[in-house]
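J.: Whatever this is, show me its structure:
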Amino acid sequence: MHNYTCRFLAPEQLPLPAQDLPVWFNPEFMAAIAALFNIKPMVCLCCDGDNPVALLPFYEKSKLGLKQAYNPLLVYYSPLNILLPVRKHNNRTQLQTYEIGQAMAETLKKNYWRVLLNLTPDTLDIRCFQAAGFSVQTRYTYWMHLQSEPEFFPPEQRAIRKAEKAGFGFIEEYVPEAFLDMLSSLYERKQHPFPIGRIAHLELLDRLHAHNLIKQYNVRDETRVIGSILVIPDKNGRIYGWQSATQTQAQKSGASIFLYSQLFNLLKSDYRIMDLCGANAQGPSRLKAALGAELKVFFQIRKH
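T.: Now for the predicted structure:
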């Protein structure tokens, strides 16, 4: 007989070392995001008696005394991390996972006026949240399987050759100002500013980089950075394509595709999967499909 109880912790109170959990639980990562938005980092812990069986990270904000649990901008996932041991009969694990999820869903429902969380593609059974009255929206991302040879579309193959002919270079280097310059130009073309101010954004990047939580890879021409991607390394051979930007003229010369082709080749020795973080906007989705990535489903759970 199981006795599930749930409570809320600060990230630094986790019952497991941060390095044993997905990066979205990392106390330094969560503290940096919380400081940026002036919100509170939280983890929902579910125990069976005295034994931890599941964890769920999120962020809390309040308005007029009403609390909301959510993913702020730049936090792509809130993974439901189940801590059950591997069993011979998987159906027992499935049943217990459902019961654990239901206990956590009821706890969130009781304590928060509004909930808006992105689970990861690893969580496919969301019936427990539906049973608790949550609505569920299907979302999409792309996974690049780094151990397989990329299958670029023919136009992208030509773009790579064009970039190589132009003599573009590829390098890992932390130059956040160059990235922010390109990001600012990107949003100016969209005719609205990036939702985070430049100074605050730079402070976030510096803080995460100081704790080895992000890396930056760049494409350069002879004089400057013309394309850049910030990635978040994770455990279990996974890495996230977190933020990226390329100069407009450089896009026409194949810089974006060249960046990804070089990056995939570099990362395959240390990682299995690169989550490209999104497939819901038409333009970026077309690019990620053209890289040969696999479309993946994840679920957004909501309580209003």
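J.: mind listing what residue 160 touches?
T.: Residues in contact with residue 160, defined by C-beta atoms under 8 Å, 6 or more residues apart in numbering, are 152, 254, 257-258, 261. Any C-beta I mention is one placed from the backbone N, CA and C, and that applies to glycine too.
J.: Is it located within a strand, as I assumed?
T.: No - residue assignment for residue 160, taken from DSSP: H, G, I helix; E, B strand; the rest coil, gives helix, which places it outside any strand.
J.: could I get the contacts of residue 160 as CSV with distance to residue 292, neighbour count and pLDDT?
T.: Shown next, in CSV, are the contacts of residue 160 (distance: C-beta to C-beta, whole Å; neighbours: other C-beta atoms under 10 Å; pLDDT from 0 to 100):
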residue, distance to residue 292, neighbour count, pLDDT
152, 6, 18, 90
254, 16, 26, 92
257, 11, 27, 93
258, 15, 26, 96
261, 10, 21, 96
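J.: out of those, which are inside strands?
T.: Of these, none are assigned to strands by DSSP state E.
J.: Let me know the closest of these to residue 218.
T.: Checking those against residue 218 with C-beta to C-beta, the nearest one is residue 258 at 11.1 Å.
J.: Surely that closest one and residue 165 touch.
T.: No - contact status for residue 258 versus residue 165: not in contact, 10.5 Å apart, counting by C-beta atoms under 8 Å.
J.: one step back: adding distance to residue 115, write the contacts of residue 160 out as TSV.
T.: Shown next, in TSV, are the contacts of residue 160 (distance: C-beta to C-beta, whole Å):
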residue	distance to residue 115
152	39
254	43
257	38
258	41
261	39
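J.: between the residues you listed, which is nearest residue 50?
T.: Using C-beta to C-beta, residue 261 is the member of the contacts of residue 160 that sits closest to residue 50, with 50.1 Å.
J.: Could you double-check that the closest one lies in contact with residue 146?
T.: No - in terms of C-beta under 8 Å, residue 261 does not count as a neighbour of residue 146; the distance is 11.9 Å.
J.: Walk me through which strands the longest strand seen in the chain pairs with, and which way each runs.
T.: Ordering each strand of the chain by length in residues (DSSP E) puts strand 51-63 first. Strands flanking strand 51-63 in the sheet, each with its direction: strand 40-48 (antiparallel), strand 66-70 (antiparallel), strand 81-82 (antiparallel) (DSSP bridges).
J.: What residues sit buried inside it?
T.: For strand 51-63, burial by neighbour count (16 or more other C-beta atoms under 10 Å) applies to 53-61.
J.: which among these gets closest to residue 206?
T.: Compare each of the buried residues of strand 51-63 with residue 206 using C-beta to C-beta and the shortest gap goes to residue 59, at 20.5 Å.
J.: tell me the mean pLDDT for the longest strand of the chain?
T.: Confidence over strand 51-63 (mean pLDDT, whole number) is 96.
J.: again, but for stretch 9-24
T.: Stretch 9-24 shows a mean pLDDT of 94.
J.: which outside residues touch it?
T.: Taking C-beta under 8 Å, 6+ apart as the rule, stretch 9-24 contacts 25-31, 41-45, 52, 55, 57, 75-79, 81, 83, 120, 213, 232-235, 240.
J.: Centre of the chain to it, how far?
T.: Using C-alpha atoms, centre = their mean, to the nearest Å, the distance from the centre of stretch 9-24 to the centre of the chain it belongs to is 16 Å.
J.: Same question for stretch 21-30.
T.: Averaged C-alpha coordinates place stretch 21-30 at 11 Å from its chain's average position (C-alpha atoms, centre = their mean).
J.: hang on, the earlier thing: out of the buried residues of strand 51-63, which one sits closest to residue 277?
T.: When the buried residues of strand 51-63 are ranked by distance to residue 277 (C-beta to C-beta), residue 57 comes first, at 16.6 Å.
J.: In the sheet, which residues pair with that closest one? Tell me.
T.: The bridge-partner assignment for residue 57, based on DSSP bridges, gives residue 43.
J.: Ok, the one 10 residues further on next?
T.: According to DSSP bridges, residue 62 are recorded as the beta-bridge partners of residue 67.
J.: who's in contact with it?
T.: Contact analysis of residue 67 by C-beta under 8 Å, 6+ apart lists 60-61, 111-113.
J.: go on, residue 304?
T.: 114, 135.
J.: circling back to that earlier point, let's have the buried residues of strand 51-63 in a markdown table, adding distance to residue 19.
T.: Rendered in a markdown table, the data for the buried residues of strand 51-63 read as follows (distance: C-beta to C-beta, whole Å):
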| residue | distance to residue 19 |
| --- | --- |
| 53 | 20 |
| 54 | 19 |
| 55 | 14 |
| 56 | 19 |
| 57 | 15 |
| 58 | 21 |
| 59 | 21 |
| 60 | 25 |
| 61 | 28 |
